[in-house]
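1. The following block contains a protein sequence and its predicted model.
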Amino acid sequence: MSEKKGSILYVGVLRGNEPPLDKGMIPWLGHALEFGKDAAKFLTRMKQKHGDIFTVRAAGQYITVLLDSNCYDAVLSDVVLLDQTSYAQVLMKRIFSLNLPNHNPESEKKRAEMHFQGTALTQLCSSMQNNLQHLVTPSQMGLKVSEWKKDGLFNFCYSLLFKTGYLTVFGTEKNNSASLAEIYEEFHQFDQLLPKLARTTVNKEEKQIASSAREKLWKWLTPTRLDRKSEHQSWLGNYVQQLQDEGVDAETQRRAMLLQLWVTQGNAGPAAFWVLGYLLTHPEALRVVREEIQGGKHHRPEERQKNTPVFDSVLSETLRLTAAALITREVKQDKKIHLSNGQEYQLRQGDRLCVFPFISPQMDPQIHQQPEMFQFDRFLNADGTEKKDFFKEGVRVKCPSVPWGTKDNLCPGRQFAISAIKELVSIILTRFDLELCDKNAKLPLVDPSRYGFGILQPAGDLEICYRIRS
Ligand code: HEM
């Protein structure tokens, strides 16, 4: 019996050196349902069965999954034979209804790097701090000083950081609190449906909700409605200019804006939720972080965030537990790769290659003891410095956690994201009284459909009571 694997006729047996193949029981569909339902659970099961590299079939596609973290950088450095554009195009179409045939993620990221470092980064961080300060005033929050209010922690963090990031990066005239709240609501609705849009599993009603949210967001994000003051120096202004130079029409430009809104605002808010959620459910960690923040209270804003080793460890530990992007490449030609133990494998043209750092290194029990536990000092040495040395079978692990992507594909906004998360958490812990409504409440479980889409989101929420201190 013969069958098509990738673009090449696959005849029952594997060719030499190909990773073990697991086609699943259902013809064509293979493992698609299990993969989509909970990618972490499925890929952990496959890793236990096959080891650090294997190929699975899902909806007619053959996907080779690589889970040996010490070879991620070397394998993914081949940007010619391992192409990231084709699958990115598919997702852009499905999620954002966007066609950008000339989209070049390589040059895109290089340009973004320039705008998120040095003086530009300092200015951006200072603008972010001002915007956040403004958003937590009693009038903006619709609160009287000392008045208690209830909310879900996820909504509280995501909405505040979204609004802050939107004002900072999109610098828009639509900045009264009612409009900002409306934009956040639409964005959140759209974001909730994003995994289903990506997997094309939305039902009719969800399709309508997503389309309506997208339409509204496109309208608000029309480049001509955004702040033109600093357009040419800003990353976003530069991006719009680039699209215009490429002859991209106005409709496509505003659709591309929504893609950038999600890329820049879709992860930091959920990450801030997990940081605060872990702190509120781990009193010892909360006490030490509070002390550290109090210690830096009198420093200037740009100095305050430096020298906070415990807070940094809490953030690293949180990202280790919740950053779950799936890095996907299309194999353009048959290609040999080497695992870190020297073993050679052959990738087949037309297949997809996926790297999932969440499973290894982040949740690998051989690297991190009790990987599912939050240990606030996991990234601290006994002398209080940052712990960088982690080992697997006696060999030093290059990166114990990969929340920002691999070497050649690092998130260009990572420093800005860290600064925004730390600023939000610091402000909340110093300016607010914040308590769990139920002192014994536990963090909600993760929504398993979000594996593969950046920072995880909770399946429920954590109820909090808060008030602005007098
Ligand atoms: C891309 C993580 C926040 C800007 C990425 C990538 C990851 C990532 C894993 C993909 C790298 C790849 O292509 O494989 C995160 C996490 C964040 C965060 C965990 C927060 C906790 C931000 C923020 C900004 C930003 C706040 C900017 C304000 C970007 C941009 C890209 C990117 C421009 C490139 C997208 C493209 O391919 O065109 N990020 N990010 N990110 N990120 Fe972030």
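-> Looks like it came in fine. Numbering: from 1, shown residues only.
2. in the stretch 51-200 of the chain, which spans are helices?
-> Chain-ordered helices for the stretch 51-200 of the chain, with DSSP state H, counting those that start in this stretch as the definition, fall at 72-76, 85-96, 105-115, 118-135, 138-141, 153-170, 177-198.
3. which other residues reach the first one?
-> Residues lying outside helix 72-76 but in contact with it, judged by CB atoms under 8 Å, 6 or more residues apart in numbering, are 66, 82, 327, 329, 337-338, 353, 355, 357, 398, 402, 406-409. No exception for glycine: its C-beta is placed from N, CA and C like everyone else's.
4. Kindly recompute the last result at 10 Å.
-> Counting contacts by CB atoms under 10 Å, 6 or more residues apart in numbering, the residues outside helix 72-76 that touch it are 53, 66, 68, 82, 84, 327, 329, 335, 337-340, 345, 347, 353, 355-357, 360-361, 398-399, 402, 405-409.
5. returning to that earlier point: so which of the helices of the stretch 51-200 of the chain is nearest the ligand?
-> Shortest distance between the ligand and those, using CB to the nearest ligand atom, is found for helix 105-115: 4.1 Å.
6. what helices or strands is the closest one leaning on?
-> Helices and strands touching helix 105-115, by 3 or more CB pairs under 10 Å, 6 or more residues apart in numbering; DSSP states H and E, are helix 85-96, helix 118-135, helix 235-245, helix 250-265.
7. Which residue, other than its chain neighbours, is closest to the residue of the chain found nearest the ligand?
-> Scanning the chain for proximity to the ligand using CB to the nearest ligand atom identifies residue 413 as nearest, at 2.3 Å. If the residues on either side of it in the chain are set aside, residue 413 comes closest to residue 116, at 5.2 Å by CB to CB, 6 or more residues apart in numbering.
8. What residues are bridge-paired with residue 386?
-> In this structure, residue 386 has the following beta-bridge partners (DSSP bridges): residue 380.
9. could I get the helices of the stretch 51-200 of the chain as a markdown table with mean pLDDT?
-> Output for the helices of the stretch 51-200 of the chain, formatted as a markdown table (pLDDT from 0 to 100):
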| stretch | mean pLDDT |
| --- | --- |
| helix 72-76 | 96 |
| helix 85-96 | 95 |
| helix 105-115 | 85 |
| helix 118-135 | 94 |
| helix 138-141 | 91 |
| helix 153-170 | 96 |
| helix 177-198 | 94 |
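10. Among those, single out whichever gets nearest to residue 60.
-> Closest of the helices of the stretch 51-200 of the chain to residue 60 is helix 85-96, at 13.3 Å (criterion: CB to CB).
11. any idea how far the closest one is from the chain center?
-> Between the mean C-alpha point of helix 85-96 and the mean C-alpha point of its chain there is a distance of 17 Å (CA atoms, centre = their mean, to the nearest Å).
12. by how many degrees do that helix and helix 177-198 diverge?
-> 130 degrees (axes from the mean of the first three to the mean of the last three CA atoms, to 10 degrees).
13. interface residues of the stretch 151-300 of the chain facing the ligand?
-> When proximity is defined as CB under 6 Å from any ligand atom, the stretch 151-300 of the chain approaches the ligand at 169, 263, 264, 267, 268, 271.
14. Whichever of the residues you listed end up buried, select them in ChimeraX.
-> In ChimeraX, selecting the buried portion of those, with burial taken from 16 or more other CB atoms under 10 Å, looks like this:
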select :169,264,267,268,271
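15. Now do the contacts for the closest residue to residue 447 other than its chain neighbours.
-> Excluding its sequence neighbours, the residue lying closest to residue 447 (CB to CB, 6+ apart) is residue 459, at 4.5 Å. Residues in contact with residue 459, defined by CB under 10 Å, 6+ apart, are 444, 445, 446, 447, 448, 449, 450.
16. Now rank these by neighbours and give me the top one.
-> residue 450 (23 neighbours; other CB atoms under 10 Å).
17. right, and it touches residue 323 too?
-> No. Between residue 450 and residue 323 there is no contact under CB atoms under 10 Å: 11.2 Å.
18. Identify the contacts common to these two.
-> Between them, residue 450 and residue 323 share these contacting residues under CB under 10 Å, 6+ apart: 270, 456.
19. any idea how far residue 176 is from the residue lying closest to residue 92 once chain neighbours are set aside?
-> For residue 92, ignoring the flanking residues on the chain, the nearest one in space by CB to CB, 6+ apart is residue 98 at 4.5 Å. Look at residue 98 and residue 176: by CB to CB, to the nearest Å, they are 29 Å apart.
20. try residue 197
-> From residue 197 over to residue 176 (counting by CB to CB), the distance is 30 Å.
21. and if you look at residue 108?
-> 32 Å.
22. out of the two, which sits in the busier spot?
-> When residue 108 and residue 176 are compared for neighbours, residue 108 comes out ahead with 17 against 10, by other CB under 10 Å.
23. Now do the same contact list for the more buried one.
-> With CB under 10 Å, 6+ apart as the criterion, the residues that contact residue 108 are 88, 100, 239, 242, 260, 263, 412.
24. Hmm, residue 99 and the first one touching each other?
-> The one in question is residue 88. No. Under the criterion of CB under 10 Å, residue 88 is not in contact with residue 99, lying 11.9 Å apart.
25. Let me see the ranges of the strands in the stretch 251-400 of the chain.
-> Remark: strands of the stretch 251-400 of the chain, listed N- to C-terminal, are 327-331, 335-338, 344-347, 352-355, 391-392, 395-396; assignment by DSSP state E, counting those that start in this stretch.
26. strands paired with the fourth one, and their directions?
-> Strand 352-355 pairs in its sheet with strand 61-66 (parallel), strand 327-331 (antiparallel), by DSSP bridges.
27. For residue 295, which of the ones you listed is the nearest?
-> Proximity to residue 295, assessed across these by CB to CB, is greatest for strand 327-331 (38.0 Å).
28. avg pLDDT for the closest one?
-> For strand 327-331, the mean per-residue pLDDT is 97.
29. From one end of stretch 454-462 to the other, what's the distance?
-> Start and end residues of stretch 454-462 are separated by 21 Å (CA to CA, to the nearest Å).
30. Get me the contact residues on the stretch 1-150 of the chain for the ligand.
-> With CB under 6 Å from any ligand atom as the criterion, the stretch 1-150 of the chain comes near the ligand at residues 105, 108, 109, 112.
31. Quick one, which of those residues are buried?
-> The neighbour-count test (16+ other CB under 10 Å) marks 108, 112 as buried among these.
32. if I pick the closest residue to residue 448 other than its chain neighbours, what's in contact with it?
-> Across the structure, with CB to CB, 6+ apart as the measure, the residue nearest residue 448 apart from its sequence neighbours is residue 38 (3.8 Å). With contacts taken as CB under 10 Å, 6+ apart, residue 38 has the following neighbours: 44, 45, 446, 447, 448, 449, 450, 451.
33. and which of those is nearest to residue 27?
-> Of all these, the one with the least separation from residue 27 (CB to CB) is residue 45, at 20.6 Å.
34. how far away is the closest one from residue 65?
-> For residue 45, the distance to residue 65 - CB to CB - is 11 Å.
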